[in-house]
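Enquirer: Any chance you could fold what I've pasted below:
(5 chains, ligands or ions: 4)
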Amino acid sequence: ACGDDTGDAAAGPVTLRLGYFPNITHAPAVVGVEKGIFKEKLGSDVTLETKTFNAGPAAIEAVFSGALDATYIGPNPTVNAFSKSKGEAVRVVSGAASGGVALVVKPDITSVEQLRGKKIATPQLGNTQDVALRYWLKEKGLNTTKEGGGDVTVVPQENAQTVDTFASGAIDGAWVPEPYVSRLVNAGGKVLVDERDLWPDRKFVITNLLVSTKFLKAHPDVVKKLVEGQVAANEFVNTKPDEAQQAISDHIGKITGKPLDVKLIKQAWPTLEFTNDPIASSLKTGLDHAVAVGLTQPVDLNGLYDLKFLNEVLKAQGKPEVTQP
Amino acid sequence: MTSTTTTPRSATGSVALRGVTKVYGQGEHAVLALDGVSLDVAPGEFVCLVGASGCGKSTLLNLVAGLDRASGGRIELGEGVNPGLMFQEPALFPWLTVEANVEVPLKLRGLPRAERRAKVADLLRTVHLAEFGRKRPHELSGGMRQRVALARTLALDTPVLLMDEPFGALDAMTRDILHDELERIWSERRLSVLFVTHNVREAARLADRIILLSSRPGRIIWSTRVDVPRPRRIDSPEIATIAAEVTDRLRTEVGRHGQ
Amino acid sequence: MTSTTTTPRSATGSVALRGVTKVYGQGEHAVLALDGVSLDVAPGEFVCLVGASGCGKSTLLNLVAGLDRASGGRIELGEGVNPGLMFQEPALFPWLTVEANVEVPLKLRGLPRAERRAKVADLLRTVHLAEFGRKRPHELSGGMRQRVALARTLALDTPVLLMDEPFGALDAMTRDILHDELERIWSERRLSVLFVTHNVREAARLADRIILLSSRPGRIIWSTRVDVPRPRRIDSPEIATIAAEVTDRLRTEVGRHGQ
Amino acid sequence: MASDTLTGSTRTDAEISGLDALETAGRQRGPSRVRRAWSALWPKLAALALAIAFWQVVVWTGWKDPWALPGPATVFADLGHYLVSSALWDGLATTGRRAAVGFAAAVAVGLVLGLAVARVAVLRAALGSMITALQTMPSIAWFPLAILLFQLSEQAIFFVVVLGAAPSVANGVIHGVDYVPPLLVRAGRNLGARGLHLYRYVIAPAALPAIVAGLKQGWAFAWRSLMAGELLVVIATRTSIGAQLTYARELNEAPRLMAIMIVILVVGLLVDAAFGAADKAIRRRWGVLDQAGN
Amino acid sequence: MASDTLTGSTRTDAEISGLDALETAGRQRGPSRVRRAWSALWPKLAALALAIAFWQVVVWTGWKDPWALPGPATVFADLGHYLVSSALWDGLATTGRRAAVGFAAAVAVGLVLGLAVARVAVLRAALGSMITALQTMPSIAWFPLAILLFQLSEQAIFFVVVLGAAPSVANGVIHGVDYVPPLLVRAGRNLGARGLHLYRYVIAPAALPAIVAGLKQGWAFAWRSLMAGELLVVIATRTSIGAQLTYARELNEAPRLMAIMIVILVVGLLVDAAFGAADKAIRRRWGVLDQAGN
Ligand SMILES: Nc1ncnc2c1ncn2[C@@H]1O[C@H](COP(=O)(O)OP(=O)(O)OP(=O)(O)O)[C@@H](O)[C@H]1O
Ligand SMILES: Nc1ncnc2c1ncn2[C@@H]1O[C@H](COP(=O)(O)OP(=O)(O)OP(=O)(O)O)[C@@H](O)[C@H]1O
Ligand SMILES: [Mg+2]
Ligand SMILES: [Mg+2]
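Expert: Ligands and ions are numbered 1, 2, ... in the order given. Below you'll find the predicted structure:
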């Protein structure tokens, strides 16, 4: 009785199927689930079903096939989902996190110039970090090619593998999100660039909250409650970081069989900012950069953001509203 | 894969071949194994087939059993008759015990368990392997395997029996005993038997009629009735006389072909 | 898996068995196949082994060939002698043509190609299958397969030949011809032959000595020299007399065991 | 013509000496249960010891940093924790159940498909080569379809497992049926076995060895597909070995990753033991067991 | 005793009528080349047409959004672009080369390992069950080790492919060797074949059918491992089918994903055709070909 167009806002119990990654950049989602914040905000009429993913594609596939109503997700899959469905399938209703991305390099590299001829990893060809690295290098006068040629060799590979390859010396650095930044630092790396420094207000989106358009149309009230939950979760994360960190560690432990080291979370924490603003401008700019380095065609992002509920919630709580692009 | 040329028209137990031809292979490598063989086995008749090695005896039995398709000619069997064929090799199922091997045709005929057991025990006694029921084929000697195959074929309980050198691997004594058993079953059940053998005395001992096949192409070149009254003894002079005649004919035939 | 009890001490071509025992299986299901068999085959001697079905003849040949391990006793062969065994079943390699099957032992002996070809052609002529060299085993008749196996065993060119019913699937004429061939090769190569057969006339035709084995347990119970001068004819009266005597003995033995 | 085994009638001295020989031979070839178990065990232990020793030596040489290549001590310590954690046993329970159900379904589909393709000429022409082609399709290619068909339910996992394993089973069946000796098929037909009966009494048992081999390969496909497929639907309350494996890798927990690998190997060994027992039983029946020293 | 085939000596009338019958029979069973090709082809085309028709109907029902389940037209249009793009052909070249080299290495390792384990009792006791256990290890578990050993070189990919496929090949060999008819082994031994010669002249050819079956399963493992392994080292100038498959999925390009799946299926079909030809040749030799209608 969910996700289809026939559902009436008022009638009957509704199930909200929410996806997220058991990951530090998804802290509001993890804490919201672990601390029962969503449940509380959604009320007794709405049943919450949560699903976890370890990568974006499966989450988007699930949204596309009607198996998921909402999910926390990074900017890249967000754009993919929006453009592949010709702007129909999904809407961003809130932000969740910003920052938490850096270029970590071997300690003997101290300047941009030294990157010439080196191998730098990114999580995936054409994703946000990949684009950020290439654009930054371009601005610094270093060429890259999609195929890995140019002044700096960009090596797209899974983040987990990046840690292995960095430790074994096969790569010289990586432009990655948390918790891999911290992990690379622990493996002997040094932060050369904190991506926040490249953005206005040191803010750029790393996680936002996506809902399926169908669900949004069918159950706007539920989505509003979900956004309330998101805002409350962010509140919790920002006011009780210790508790939030412990919750994340426990939650990851439940799924993976081994709690994540709280020390690592604490280490990564300051690089992240948990904000309800989806920072739409950063997504747009990121896309422009991707076009500039020749990795994508321009995409029309008109209509991706639907921040009406977010602003209503923020307003009700007397918090500053965000700009609807 | 049943022979399309098998037209069930004749009386139960009778076998009729009309100009049956069999060619193996194609083009240059074709081998004409049987060439226009016509032959009638009357119900209840015991016919022995002799001929040189490779002349087409096994081929003939396979065709009558419907396991191969004739290249030409017609084969007529009684309505609904499925002739039992005892192959030249034992062809036992290696995954079954001796008992279970003999039981297969009984199971396929849907006999109840108790009856099957009794029949199997009886048949194994007939071939003198009562104590070997629980062994597997690979634990038997060559002659024992042949006897199990005999028991299995007899379990089929069909009016037409085709036997391809069934006693080839048996010593003279065991063979004598099984001759008696086979003769008994044949007369009790009024079987029609088409029996291939290289032992002309055996042929004379068992047959109502002996048929001689020539080699490549296989054709019927001679046949004789054996009018010696039963019971017969394989070492009797009458049998010896007939055997000598068949041997003579065979010798002439093989000699004709010989180098 | 070579028999550990094979002590190469005797002269080339001689075979000596000393109290050889063979038990199959263990515990309750054990079968005593051979029980204290002692036997000498002199170099160049032709010994025939007869006995009821399942009495242990094949077992004995397998032991002498070193393919199975005796449970007790000793088997002595000439230094470095690897007896050639012709199995009761043809045991041809289905993936090879007839020619290639016969060629295997020649290849294994490292003969050059031209010599191998000549030998193979010669052997196939000996068994009258010269034109079937390019066929595969499954395209042959039962008797033809047996002849290929014979050719393959002869290709081994060893001083000791063990033959397990080699002519069982052959018609009388072909068999006669192969008797002559075998006798020729035997005398030319001065082979020692241990030959299993159910055909007592065949035994009398070929043997220097005939040995009778009893059934379960297999023991040597009687033996006789065949002093008929060669060349012999299988239908000669002397052969018939000896055959009759062997048959009598066999009958008594099997009768002793019979039901 | 009486036939008697050793347990039948009275025996002479010579026969008894034969029995003695049997005992001796028996003792040589069939040692006691304990010694047999030991002779099956020590090569495994020796291989294990060798492998661990080699690993330890490599670690001692300092070839790689300890976080990249942890030593046996670290891994076994972690394995110890893992063994007493509920994560392992809950994960094993979930994954084991999924593997069993998925494999059973794959076997059913594979057997039916294999038999049909092997004996029906048109089906073979139509689907025969498709089976191997499907077998080569990586699991992840099926994920979108699995989610489309089954949403985020466990069925999606089964779907991937069945698609992974069934072709392998079917190929085993086809291979087995293709090589059934024609003589046995003819014998069966002559004994009155047609259609389904021919399958039941002749073709299936004759093809059994190859079918078991196909099942074994199918199991490996099923398990590997499952390890990937378990990420498709991660239910927070239900941890699974597949999810743990991936997360251990994503979190670069080298010791835990290796501990999980050891668990997977042990599961594989247990399953192989079951297949091995089945295969040995078949080989004993068929009389092809005593070829090598086993 | 003369033996003559039909092409030998002169023939009588009856024999010639026999020959006529042969011709007729020949025509019945062995139709012309074109018709034979057609009868092998039409079931495939029919199956394909059915599958596409079904797919189209499902799409027309509007069961899922077009971006989740694109229709045949969309996919074939994308396939058309893909077919003329250098991405496909470069990718196929890279992946094909890796598959060939990796599979060849896996076959070499698998054959040697299989033969050794099959015939040496101690090795079988030590490693026998390990082979299946290794087979069940998912590729991703080997990735860290692959990188440790080979850094970011192509060898890392080969390592994963070999570890994926070799156990399967070895299992095929072991199964084949286990079921070599003992009579043939004895015959070979008696003909003077010992040690390596016994393998060469008896065991290997007798086990060949099972080995080919194992190779087929091994190919599937190799290819699937490769699809995963190609992400391990996304080398510079070399695009690959495995990487394209994953990217298509990561970018949620459903039509492209399906186009790549079709390419993978076609590659699978071609490889299966090669194995099928080998298998058919063996079956013809062994005389087990004429059992079903093929
Ligand atoms: N499957 C086959 N393919 C090709 N040729 C065959 C096949 N089966 C038999 N032949 C040939 O047909 C001829 C007759 O064979 P068949 O087995 O009928 O002989 P047979 O009379 O039974 O001989 P034997 O007494 O040796 O068993 C032989 O020349 C043989 O080579
Ligand atoms: N592998 C085996 N396992 C168990 N028992 C066996 C095995 N091989 C043979 N036997 C038994 O040993 C006895 C002798 O068998 P063998 O094959 O030597 O007889 P044979 O004299 O050659 O008989 P035939 O004339 O019928 O070939 C038989 O009782 C048989 O059941
Ligand atoms: Mg025949
Ligand atoms: Mg024997």
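Enquirer: quick check, residue A:318 in a helix?
Expert: No: the assignment for residue A:318 (DSSP: H, G, I helix; E, B strand; the rest coil) gives coil, which keeps it out of a helix.
Enquirer: residue boundaries of the helices in the chain?
Expert: This is for chain A. A:27-34, A:37-42, A:56-64, A:75-84, A:128-139, A:159-167, A:180-186, A:213-218, A:220-239, A:241-256, A:262-268, A:280-292, A:308-316 (DSSP state H).
Enquirer: try again with chain D
Expert: In chain D, the segments counted as helices under DSSP H are D:13-29, D:33-60, D:72-84, D:86-119, D:121-135, D:139-150, D:154-178, D:182-190, D:195-198, D:204-229, D:241-250, D:254-286.
Enquirer: for the residue sitting nearest the centre point of chain D, what are its contacts?
Expert: Nearest to the centroid of the C-alpha atoms of chain D, with distances taken as C-alpha atoms, centre = their mean, sits residue D:216, at 3.8 Å. Each residue near residue D:216 by C-beta atoms under 8 Å, 6 or more residues apart in numbering or on different chains is listed here: D:272, D:275, E:132, E:171. Backbone N, C-alpha and C define where each C-beta goes, glycine included.
Enquirer: next one: residue A:162
Expert: Taking C-beta under 8 Å, 6+ apart as the contact definition, residue A:162 lies against A:121, A:123, A:171, A:174, A:176, A:180, A:184.
Enquirer: now do 10 Å
Expert: Shown here is residue A:162, whose contacts under the criterion C-beta atoms under 10 Å, 6 or more residues apart in numbering or on different chains are A:104, A:120-123, A:155-156, A:170-171, A:173-176, A:180, A:183-184, A:187, D:252.
Enquirer: Could you do residue D:105 as well?
Expert: D:158-159, D:161-162, D:165-166, D:222.
Enquirer: Recalculate using a threshold of 6 Å.
Expert: Taking C-beta atoms under 6 Å, 6 or more residues apart in numbering or on different chains, we find residue D:105 in contact with residue D:162.
Enquirer: neighbours of the closest residue to residue D:233 other than its chain neighbours, just the number please.
Expert: Using C-beta to C-beta, 6 or more residues apart in numbering or on different chains and skipping the chain neighbours, the partner closest in space to residue D:233 is residue D:152 (4.9 Å). Residue neighbour count, defined by other C-beta atoms under 10 Å in any protein chain shown, stands at 25 for residue D:152.
Enquirer: how close does residue D:152 sit to ligand 4?
Expert: Distance check for residue D:152 against ligand 4: by C-beta to the ion, to the nearest Å, it reads 67 Å.
Enquirer: Show the contacting residues for residue B:105.
Expert: B:155-156, D:191-192.
Enquirer: Among those residues, which one sits closest to ligand 4?
Expert: Nearest to ligand 4, judged by C-beta to the ion, of the contacts of residue B:105 is residue B:155 at 24.1 Å.
Enquirer: Quickly note the distance from that closest one to residue B:97.
Expert: When distance is defined by C-beta to C-beta, to the nearest Å, residue B:155 is 14 Å away from residue B:97.
Enquirer: Could you tell me how many residues sit around the nearest residue to residue D:126 once chain neighbours are set aside?
Expert: In this structure, residue D:126 finds its nearest non-sequential neighbour in residue E:43, 3.5 Å apart by C-beta to C-beta, 6+ apart. Close neighbours of residue E:43, defined as other C-beta under 10 Å, add up to 18.
Enquirer: before we move on, what about residue A:318?
Expert: The burial metric for residue A:318, expressed as a neighbour count using other C-beta under 10 Å, is 6.
Enquirer: for the one 4 residues further on, same thing?
Expert: When neighbours are counted by other C-beta under 10 Å, residue A:322 registers 19.
Enquirer: per-residue pLDDT, it?
Expert: pLDDT recorded at residue A:322 is 82.
Enquirer: So which residues of chain B form strands?
Expert: When secondary structure is read from DSSP state E, chain B shows strands at B:15-24, B:31-41, B:46-51, B:72-77, B:84-86, B:160-164, B:192-196, B:209-213, B:220-225.
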